[in-house]
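Student: The sequence and its predicted three-dimensional model are supplied below.
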Amino acid sequence: MPQVKIIARNFMDMVASLPAVKLDKLYESPFICEAIVRSLPPLAKKYALQMMYIDRPVPAKAMDEWVLIDGVSKHNVAIDRLVQLRVFVETVDRKKEVSYQLNPTFQESLQNQLVHGGVLSREPMPSNTAGRIPSLEELEAYALNQWECFLLHLINSIQSEKLTNFSSSMMKIFQSGLLSQREKEAPKLTEKGFQFLLMDTNAQLWYIMREYISNAEARNVDPADLISFLLELSFHELGQAYNVNTLTEFQKHTIKDLADLGLVKLQQGMKDSWFIPTKLATNLSVSLSDVSTRKQGFMVVETNFRLYAYSSSKLHCEILRLFSRIEYVLPNLVVGAITKESLYNAFGNGITAEQIVSFLQQNAHPRVANRIPSVPENVTDQIRLWEADLNRVEFTSAHFYDEFPSRDLFETACDYAREHGGLLWEDSKKMRLVVKTEVHVHMREHIRQQKY
Amino acid sequence: MVNATKGVFISCDIPMAQFIITLNAQQPANRKFIIHVLDNTHLFIQPDGVGTIRTKIQEFRDQNTYEKPP
């Protein structure tokens, strides 16, 4: 799913933009190194692992020989990425030749990880002290519930029943890109807000995490510490309890916020309190690579454009309301119809047909998910046609040239416009030309020069 | 001497082009916006015509829709 890659890569760009000193400090933790390796493009992964036990710098020319001619662009992309993340350290020797070596801190941590298999600094608590730990299903239900509550709270800041414990300033930060608030009007979802709702859960999680981290500095929290804690959390074991006293002060603060999002569950016993990571947390590092877990779909789309969503969640109802006309809402079923008007509504709000179609396909009910295609073709085609109907006429700002004194001048003008990608229309018989406004100024100069 | 006219270039399908041409014919003489009809799918118009065209197309589209009452 391309969107998770985009979001995750943006997260990695954020990591890459940290100052060198902080990045080196981050690389002392073996978990971060493993998470970073997982997020690299495949060729870069191979290079990082290959260089793991090589101590001397390898000349760039030798590396270029590792790929065939067709792979050169991928090779360059991989090397750039590695240098950007400071995984590869570049050295230029006296002959002005570049050679690369794996960052020594990174190398050591990765070797440790490989040999010792990643021992966490904290161990799960023994079951007799930990008391009643929820089962995996209960944990998953809890995580889903929290996340949905959070999303609902995000969209309907007034209407959701259970208020989360986020301070209003935090919520404002999350909402800043997604909601637009004009004075005396209820807050409205922006285009990005709609697209956010239709994204996959992992992509949404990464978006929120990115916003959370970018605003960390404003709250006097070091983003590097936050990133290392988050990535470390993702390597904890699902469903095991970990004591809260193993966390530092700042980590305790963060844990509270994460509990509100549904990433961990906090529980309190007689003497200790502990936290239990849920699937959302353990998926944090997994979703950096391409593999993502599919949750159960719940929607059936029929060829008569009717939609049956077997779900009792308010969030799903709201999302469906965005682009379809809801007919009945029953305790475990939402019935809707995809109509031209409801789609025009969605297009007016900035959602594209592709997003709607991929949302329908990703959330297809298991009963129809095995059918090919999971959403009937006439429905997907019609959605795209309706979108195209809105764009029947294309307007381009342009200039119209005629009355050329000679055919040669006309030909040169045509060629010039074509080279600069500004030629919109030409008529050779009557020697008329239409050129984009951006190219017009240069065209004028060019034609004036041609005459003399 | 080469003549350059500033305006907006329209690219659309044949029915829409005809629609815009009829629209232009219905406008009073001082508000006509088509400068040249280039061929049956392209037109060159004045920039002020863009808004009028957009609203008229929207109205045309709405005439053909029916919303089932809730």
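Tutor: Here it is on my side, so go on. Numbering: from 1, shown residues only, chains lettered A, B, ... in the order given.
Student: do you know how far the closest residue to A:Ser358 other than its chain neighbours is from A:Val375?
Tutor: Taking CB to CB, 6 or more residues apart in numbering or on different chains, and ignoring the residues beside it in sequence, A:Ser358 has A:Leu198 as its nearest neighbour in space, at 7.9 Å. The way it works is simple: take the backbone N, C-alpha and C, and place the C-beta from them, glycine included. With the distance defined as CB to CB, to the nearest Å, A:Leu198 ends up 14 Å from A:Val375.
Student: Looking at those two, which is more packed in?
Tutor: Higher neighbour count among A:Leu198 and A:Val375: A:Val375, with 25 against 22, using other CB atoms under 10 Å in any protein chain shown.
Student: sorry, back to before: A:Gln355 is in contact with the residue nearest to A:Ser358, correct?
Tutor: Yes: A:Leu198 is in contact with A:Gln355 according to CB atoms under 8 Å; the separation is 5.0 Å.
Student: Can you name the residues that contact the residue nearest to A:Ser358?
Tutor: With contacts defined as CB atoms under 8 Å, 6 or more residues apart in numbering or on different chains, the neighbours of A:Leu198 are A:319, A:322, A:351, A:355-356, A:358-359.
Student: Now for those: which two are most distant?
Tutor: For the contacts of A:Leu198, the maximum inter-member distance is 14.1 Å, found between A:Leu322 and A:Ser358 (CB to CB).
Student: Just list what the helix or strand harbouring A:Val441 packs against, helices and strands only.
Tutor: Counting by DSSP states H and E, the element that carries A:Val441 is helix A:437-451. Contacts defined by 3 or more CB pairs under 8 Å, 6 or more residues apart in numbering or on different chains; DSSP states H and E place helix A:437-451 against strand A:394-402, helix A:407-419, strand B:3-11.
Student: How about residues contacting that helix?
Tutor: Taking CB under 8 Å, 6+ apart as the criterion, the residues outside helix A:437-451 that touch it are A:397-399, A:401, A:409, A:412-413, A:416-417, A:420-422, A:435, B:2, B:4, B:6.
Student: Dump the helices and strands packed on helix A:437-451 to CSV, plus mean neighbour count and mean pLDDT.
Tutor: Conversion of those to CSV gives the following (neighbours: other CB atoms under 10 Å in any protein chain shown; pLDDT from 0 to 100):
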stretch, mean neighbour count, mean pLDDT
strand A:394-402, 18, 87
helix A:407-419, 15, 86
strand B:3-11, 18, 88
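Student: Rebuild the ones you listed as JSON lines, extending it with distance to A:Trp386.
Tutor: As requested, the helices and strands packed on helix A:437-451 are exported to JSON lines (distance: least, CB to CB, whole Å):
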{"stretch": "strand A:394-402", "distance to A:Trp386": "17"}
{"stretch": "helix A:407-419", "distance to A:Trp386": "35"}
{"stretch": "strand B:3-11", "distance to A:Trp386": "20"}
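Student: Show the end-to-end separation of stretch A:306-317, please.
Tutor: 15 Å (CA to CA, to the nearest Å).
Student: mind listing what's buried in that stretch?
Tutor: A:307-311, A:313-316 (16 or more other CB atoms under 10 Å in any protein chain shown).
Student: Take the residues you listed and keep only those in helices.
Tutor: Those of the buried residues of stretch A:306-317 mapping onto helices are A:314-316, per DSSP state H.
Student: what residue ranges in chain A score low on pLDDT?
Tutor: Residues of chain A meeting the criterion pLDDT under 70: A:1-14, A:118-132, A:154-191, A:217-219, A:269-270, A:284-295, A:452.
Student: Please enumerate the helices of the stretch 1-150 of chain A.
Tutor: Across the stretch 1-150 of chain A, reading from the start of the chain, the helices by DSSP state H, counting those that start in this stretch fall at A:2-16, A:20-26, A:30-39, A:42-50, A:60-64, A:72-84, A:104-116, A:127-130, A:136-155.
Student: Most tightly packed of these?
Tutor: Most buried of the helices of the stretch 1-150 of chain A by mean neighbour count (mean count of other CB atoms under 10 Å in any protein chain shown) is helix A:30-39; its value is a mean of 22.
Student: That one relative to helix A:42-50, how many degrees between them?
Tutor: Inter-element angle recorded for helix A:30-39 and helix A:42-50: 140 degrees (by axes from the mean of the first three to the mean of the last three CA atoms, to 10 degrees).
Student: If we go by neighbour counts, what in the helix holding A:Val441 is buried?
Tutor: Going by neighbour count (16+ other CB under 10 Å), the buried part of helix A:437-451 is A:439-440, A:443, A:447.
Student: Stretch B:26-38 too?
Tutor: Burial within stretch B:26-38, assessed by neighbour count using 16+ other CB under 10 Å, is assigned to B:33-36, B:38.
Student: Any residue of it touching chain A?
Tutor: Yes: in this structure, stretch B:26-38 sits against chain A according to CB under 8 Å from any CB of the partner chain; the contacting residues are B:35-36, B:38.
Student: one step back: for the buried residues of helix A:437-451, which one is nearest A:Pro41?
Tutor: The shortest approach to A:Pro41 among the buried residues of helix A:437-451 belongs to A:Val439, at 36.7 Å (CB to CB).
Student: near chain A, which residues of chain B?
Tutor: Of all the residues in chain B, those in contact range of chain A (CB under 8 Å from any CB) are B:1-13, B:16, B:20, B:35-36, B:38-39, B:42, B:44, B:47, B:50, B:53, B:57, B:61, B:65, B:67-68.
Student: Give me the most central residue, chain B.
Tutor: B:Ile20 (3.5 Å; CA atoms, centre = their mean).
Student: Secondary structure element holding that residue?
Tutor: Assigned by DSSP H and E, B:Ile20 falls within helix B:14-26.
Student: That helix to strand B:3-11, inter-axis angle?
Tutor: Orientation note: helix B:14-26 sits at an angle of 130 degrees relative to strand B:3-11 (the same axes, to 10 degrees).
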